[in-house]
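Trainee: Sharing a model that was predicted from the sequence below.
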Amino acid sequence: MAQNKSFVGTAGWTIPAAHRSSVPATGSQLERYASRLPVVEINSSFYKPHQRETYERWACSVPDRFRFSVKIPKAATHERRLVDCHDLLDAFMGEVGGLGERLAALLVQLPPSLQFDRQIAKRFFALLHDKTDCRLVCEPRHASWFEPGADALLSRLRVGRVAADPASVAAASAPGGWHELAYFRFHGAPHVYFSDYDAGRLLEISAQLADAGASATEVWCIFDNTARGHALGNALSVDAIMRQMTFNSLNARPSATRSYPNAVQSIVR
């Protein structure tokens, strides 16, 4: 990686007691979080709307280079199942526009029961593109979305397919669709939302991000294993690994022959 283009964060910005010493002691939780990590994913928008003023306040609470991704409301994805969503998307975009230039991506998470339908997918994502210039990523969970035809359509529509852990099917573990933005979501395994990732797994995740960075313009990694407060610690660890990898890459001698796995291992010794 010639430059830092991998950004690590969590779903939400709650600071568990176990990690309070890792962030500044003063300021709002968002301000303290944003002092250590460069991105965050807003999941609460999936369940309920937030006023535009709330998004504006959040945008004013973070450094200029900090960025947000925001999850599309479940009313569009789970209730209307991507059909007839004009009014919902208009309202949502009016709210989330309060983030201004700090809005970096919109996440469309689909219910496991929603099969791929070419025309429905095409209409929904075209509609969403009409309403925003923001980059789009989609986390499907039905196996039909991982077939070559679905992947090709997402690529043409400029929609990145999320790499998820645990993966619903084998192909779900790697990014797909539009490859300009590779977006990873780690929900905790084996117990979704609850499990911690150990040091060895965090090294593997860092290697995945580095590999994705070889072809993607930008890589996002979001830890969603928040139920027992593991997400922030995992994110801080991977962020530190990725920063060290970037530093090593920028300062490596041209004749360096050290293998990639050994370089990663040396970071955490």
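Mentor: Thanks, I have the structure now.
Trainee: so when I look at residue 70, I'm seeing a strand, right?
Mentor: Yes. Counting by DSSP: H, G, I helix; E, B strand; the rest coil, residue 70 is part of a strand.
Trainee: Any idea how many residues pack against it?
Mentor: Using other CB atoms under 10 Å, residue 70 has 24 neighbouring residues. C-beta here means a position set from N, CA and C on the backbone, and glycine is covered the same way.
Trainee: How much space separates it from residue 156?
Mentor: For residue 70, the distance to residue 156 equals 24 Å [CB to CB, to the nearest Å].
Trainee: what are the phi and psi angles of the closest residue to residue 165 other than its chain neighbours?
Mentor: Leaving aside its sequence neighbours, residue 165 sits nearest to residue 186 (CB to CB, 6 or more residues apart in numbering; 4.8 Å). Dihedral pair for residue 186: phi -110, psi 110, per degrees, to the nearest 10.
Trainee: cool, and residue 100?
Mentor: The phi/psi pair for residue 100 (degrees, to the nearest 10) is phi 60, psi -140.
Trainee: Enumerate every residue touching it.
Mentor: 56, 59 (CB atoms under 8 Å, 6 or more residues apart in numbering).
Trainee: do that again at 10 Å, thanks
Mentor: Listed by CB atoms under 10 Å, 6 or more residues apart in numbering, the contact partners of residue 100 are 55, 56, 59, 60, 68.
Trainee: Pull up the per-residue confidence for it.
Mentor: With respect to pLDDT, residue 100 has a value of 98.
Trainee: and if you look at the one 5 residues further on?
Mentor: Looking at residue 105, its pLDDT reads 98.
Trainee: Now name the helix or strand holding residue 236.
Mentor: Taking DSSP states H and E as the definition, residue 236 sits inside helix 230-251.
Trainee: so what secondary structure elements neighbour that helix?
Mentor: Here helix 230-251 touches strand 6-10, strand 39-42, strand 181-186, helix 199-213, strand 218-223, helix 260-267, going by 3 or more CB pairs under 10 Å, 6 or more residues apart in numbering; DSSP states H and E.
Trainee: Helix 199-213 and that one, what's the angle between them?
Mentor: With axes from the mean of the first three to the mean of the last three CA atoms, to 10 degrees defining the directions, helix 230-251 sits at 50 degrees from helix 199-213.
Trainee: Put the alpha carbons of helix 230-251 into CSV.
Mentor: What follows is helix 230-251, C-alpha atoms only, in CSV (Å, rounded to 0.1, in the frame of the first residue of the first chain):
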residue,chain,number,x,y,z
HIS,A,230,-15.7,-5.7,21.4
ALA,A,231,-16.0,-3.6,18.3
LEU,A,232,-14.0,-0.6,19.4
GLY,A,233,-11.0,-2.6,20.6
ASN,A,234,-11.0,-4.7,17.4
ALA,A,235,-11.2,-1.5,15.3
LEU,A,236,-8.4,0.2,17.2
SER,A,237,-6.1,-2.9,16.8
VAL,A,238,-6.7,-3.2,13.1
ASP,A,239,-6.4,0.6,12.5
ALA,A,240,-3.0,0.4,14.3
ILE,A,241,-1.9,-2.5,12.1
MET,A,242,-2.9,-0.8,8.9
ARG,A,243,-1.2,2.4,9.9
GLN,A,244,2.0,0.5,10.6
MET,A,245,1.8,-1.3,7.3
THR,A,246,1.4,2.0,5.5
PHE,A,247,4.4,3.4,7.4
ASN,A,248,6.5,0.3,6.6
SER,A,249,5.5,0.5,2.9
LEU,A,250,6.4,4.1,2.6
ASN,A,251,9.8,3.6,4.3
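Trainee: relative to strand 6-10, how tilted is it?
Mentor: 170 degrees.
Trainee: for stretch 179-196, which positions count as buried?
Mentor: 181, 182, 183, 184, 185, 186, 187, 188, 195, 196 (16 or more other CB atoms under 10 Å).
Trainee: where does this protein dip in pLDDT?
Mentor: Where the chain drops to pLDDT under 70, the residues are 1-4, 247-269.
Trainee: what about the most centrally placed residue in it, distance to residue 194?
Mentor: Centroid-nearest residue in the chain, with CA atoms, centre = their mean: residue 222, separated by 4.3 Å. Distance, residue 222 to residue 194, by CB to CB: 16 Å.
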